[in-house]
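Undergrad: With the sequence up front, the predicted model follows.
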Amino acid sequence: MRVTGPERARLSQRAAIASVVMALTLLIAKSWAAIATDSTAMLGSLADTGLDLIASIMTLVGVRIAALPADHDHRFGHGKAEALVALGQVVLITISALGIGWRAIDRLIHGAETANPEIGIGVSIFAIASTLLLLSYQRRVIARTGSVAIKTDNLHYSSDLYLNGAVIAALIIDHFLRVPGADAAFGVAIAGWLLWGAWQAAGDSVDQLMDAEWPVEKREAFLAACGDYPELKGIHDVRTRTSGVHDFIQFHVWVPEDWTVRQAHDKLDRVEEDLQRRFPGTEILLHLDPEGHTDREGMLPHHLTERR
């Protein structure tokens, strides 16, 4: 079950700190290995780890900001800080991939030899083992918090498994099997893999920043739950969005014309409280209309407001 409030902030920040510590450890180990092996694939892995460290620090800052309570200037909270951080990570991953690709193509054209492959292989195995531990921990945190920043961080570190495996393969093929250009070719493949990951990771962040509607399944599940309450008939002008881990839904609902304002509020407040219990972390905004009435003064065209 998803957690919210201080518990979510505590779990997200712990996951972000774990990422920073691991990235710093691997940065030191891979620096030594890159110097010892002169491998393009290892150099690419080092560059990626350096950006991992920056991205993990950004994630830590982002989840701390997102955990801040709503204030006078941000009454919907600070949840979009996570999406901004995740988008920043995408930019860093893209820059890393382009740099690795450029270096690999240069060595593919001009040629270069690797050295001390056992050091690079040993460090890569250590990196894979450390990354697997971090990914396992992050997935448990994501399941409980739904943090988009930790999710993007997890995706990035998942790609590192293939990256480190590719470094091992490159060193073995290039140095032991004497296949010229293998190290550089793996470098090009790693760059392409990182670019693909960046493209995929950008989607969730952009959706949050652009206030995209909930996925159809999620929206329909909420509306189906509304059907359990006789008070919620004539629902229209439904709009949804997400900010960090907080969901927002607003809609108009018909109430009998003979109800007083007090009656309507009392009945629908109880319904709203029950829906918030069924959908934790969701803020519900209701607008009451007399039965059969549809507002025409909204900003959206009618073909959007008239349907659920």
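TA: Arrived safely. Numbering: from 1, shown residues only.

Undergrad: The helix or strand containing residue 171 packs against which elements?
TA: Here residue 171 is covered by helix 148-171, with elements defined by DSSP states H and E. When contacts are defined as 3 or more CB pairs under 8 Å, 6 or more residues apart in numbering; DSSP states H and E, helix 148-171 sits against helix 5-37, helix 40-66, helix 80-110, helix 117-145, helix 182-209. Heads up, the C-betas are built off the backbone N, CA and C, glycines and all.

Undergrad: Packed most tightly, which of the ones you listed would that be?
TA: Taking mean count of other CB atoms under 10 Å as the contact definition, the stretch among these with the greatest mean neighbour count is helix 40-66, which reaches a mean of 24.

Undergrad: Quick one: mean pLDDT over that helix.
TA: Model confidence over helix 40-66 averages 76 on the pLDDT scale.

Undergrad: ditto for stretch 263-277
TA: Per-region confidence: stretch 263-277 scores 89 on mean pLDDT.

Undergrad: ok, now stretch 282-295?
TA: Per-residue pLDDT values over stretch 282-295 give a mean of 83.

Undergrad: how about the CA coordinates for that stretch, as PDB?
TA: What follows is stretch 282-295 as a C-alpha-only set of coordinates in PDB (Å, rounded to 0.1, in the frame of the first residue of the first chain):
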ATOM      1  CA  THR A 282      -6.100  12.100  -4.100                       C
ATOM      2  CA  GLU A 283      -7.500  15.600  -3.700                       C
ATOM      3  CA  ILE A 284     -11.100  15.900  -4.900                       C
ATOM      4  CA  LEU A 285     -12.600  19.200  -5.900                       C
ATOM      5  CA  LEU A 286     -16.400  19.200  -6.400                       C
ATOM      6  CA  HIS A 287     -18.600  21.800  -8.000                       C
ATOM      7  CA  LEU A 288     -22.400  21.600  -7.400                       C
ATOM      8  CA  ASP A 289     -24.900  22.200 -10.200                       C
ATOM      9  CA  PRO A 290     -28.700  22.200  -9.900                       C
ATOM     10  CA  GLU A 291     -30.000  19.000 -11.500                       C
ATOM     11  CA  GLY A 292     -30.000  19.200 -15.300                       C
ATOM     12  CA  HIS A 293     -27.800  22.300 -15.400                       C
ATOM     13  CA  THR A 294     -24.500  22.400 -17.200                       C
ATOM     14  CA  ASP A 295     -22.100  25.400 -16.900                       C
END
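
Undergrad: for it, which positions count as buried?
TA: Of the residues in stretch 282-295, those buried under the neighbour-count criterion (16 or more other CB atoms under 10 Å) are 282, 284, 286.

Undergrad: show me where pLDDT drops low in the chain?
TA: Across the chain, residues meeting the criterion (pLDDT under 70) sit at 1-5, 112-114, 148, 244-245, 294-308.

Undergrad: residue with max distance from the center of it?
TA: Farthest-out residue of the chain from its mean C-alpha position, per CA atoms, centre = their mean: residue 258, at 47.9 Å.

Undergrad: doesn't that residue fall inside a helix?
TA: No: checked against DSSP: H, G, I helix; E, B strand; the rest coil, residue 258 lies outside a helix; its state is coil.

Undergrad: For residue 230, see how far away it is.
TA: Computed with CB to CB, to the nearest Å, the distance linking residue 258 and residue 230 is 16 Å.

Undergrad: measure residue 60 to residue 46 for me?
TA: 21 Å.

Undergrad: same check, this time on residue 240
TA: Here the criterion is CB to CB. By it, residue 240 lies 43 Å from residue 46.

Undergrad: Equivalent analysis for residue 252, please.
TA: Residue 252 sits at a distance of 56 Å from residue 46 (criterion: CB to CB).

Undergrad: Cool, thanks, talk later.
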